[in-house]
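> Mind folding the following:
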Amino acid sequence: MKNILILCTGNSCRSQIAHGYFDKFSNNKCVIYSAGIETHGLNPNAVQTMLRDTIDISRHTSNNVNEYIDINFDFIITVCDHANESCPNIPSKNALKIHKNFFDPSKIKNSSNPQEDFDKCREEIKKFSLEFYKKYID
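Residues are numbered from 1 along each chain as shown. Next comes the predicted model:
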């Protein structure tokens, strides 16, 4: 069983969306954790965008990376530049660190269609998640 940590700034949106897809695509081969450098609570728009793709993340919690400091991860995936630059040292011996910056749909000011912004971000994360599983897990 592989341990995967998905890390973002506040563990409210992008890391939660990735967590949902990584769970879905893992076929019980991985244990998925998501965390933030801070905790901002679960973004309701992230929950809604995932429901539109039939994945329920409404029971996820916003966790701080320090809660997982004793877990030996196989993969640590940062999904935003801030987390990549600010990530504390996680003492996983052989973790492969992967970085992919996704735009933050919750930061778009005066958007004419926030639902579309979240769906676009979701689709980018979904594609990344599928590619990850094809390359590293399957």
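
> The helix or strand of the chain with the lowest mean pLDDT: which residues count as buried?
Ranked by mean pLDDT, DSSP states H and E, the weakest helix or strand in the chain is helix 81-86, scoring a mean of 82. Residues of helix 81-86 classed as buried: 82-84 (neighbour count, 16 or more other C-beta atoms under 10 Å). From N, CA and C alone the C-beta is placed, and that goes for glycine too.

> Just send those back as a markdown table, with distance to Thr39 too.
Putting the buried residues of helix 81-86 into a markdown table (distance: C-beta to C-beta, whole Å) gives the following:
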| residue | distance to Thr39 |
| --- | --- |
| His82 | 14 |
| Ala83 | 13 |
| Asn84 | 18 |
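
> closest to Asn101 among those residues?
Distance to Asn101, by C-beta to C-beta, is smallest for Asn84 among the buried residues of helix 81-86, at 7.4 Å.

> any idea which helix is longest in this structure?
When the chain is parsed with DSSP state H, its longest helix is helix 114-132.

> For it, list the C-alpha coordinates in PDB.
The C-alpha coordinates for helix 114-132 follow below in PDB (Å, rounded to 0.1, in the frame of the first residue of the first chain):
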ATOM      1  CA  PRO A 114     -17.300  30.700 -10.500                       C
ATOM      2  CA  GLN A 115     -18.900  27.300 -11.200                       C
ATOM      3  CA  GLU A 116     -17.100  27.200 -14.500                       C
ATOM      4  CA  ASP A 117     -13.800  28.300 -12.800                       C
ATOM      5  CA  PHE A 118     -14.000  25.500 -10.300                       C
ATOM      6  CA  ASP A 119     -15.000  22.900 -13.000                       C
ATOM      7  CA  LYS A 120     -11.900  24.000 -15.100                       C
ATOM      8  CA  CYS A 121      -9.600  23.500 -12.200                       C
ATOM      9  CA  ARG A 122     -11.300  20.200 -11.400                       C
ATOM     10  CA  GLU A 123     -10.700  18.900 -14.900                       C
ATOM     11  CA  GLU A 124      -7.000  19.900 -14.800                       C
ATOM     12  CA  ILE A 125      -6.600  18.100 -11.500                       C
ATOM     13  CA  LYS A 126      -8.500  15.000 -12.800                       C
ATOM     14  CA  LYS A 127      -6.200  14.800 -15.800                       C
ATOM     15  CA  PHE A 128      -3.100  15.100 -13.600                       C
ATOM     16  CA  SER A 129      -4.400  12.400 -11.300                       C
ATOM     17  CA  LEU A 130      -5.100  10.000 -14.100                       C
ATOM     18  CA  GLU A 131      -1.600  10.600 -15.500                       C
ATOM     19  CA  PHE A 132       0.000  10.100 -12.100                       C
END
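
> Kind regards, and thank you for your time.
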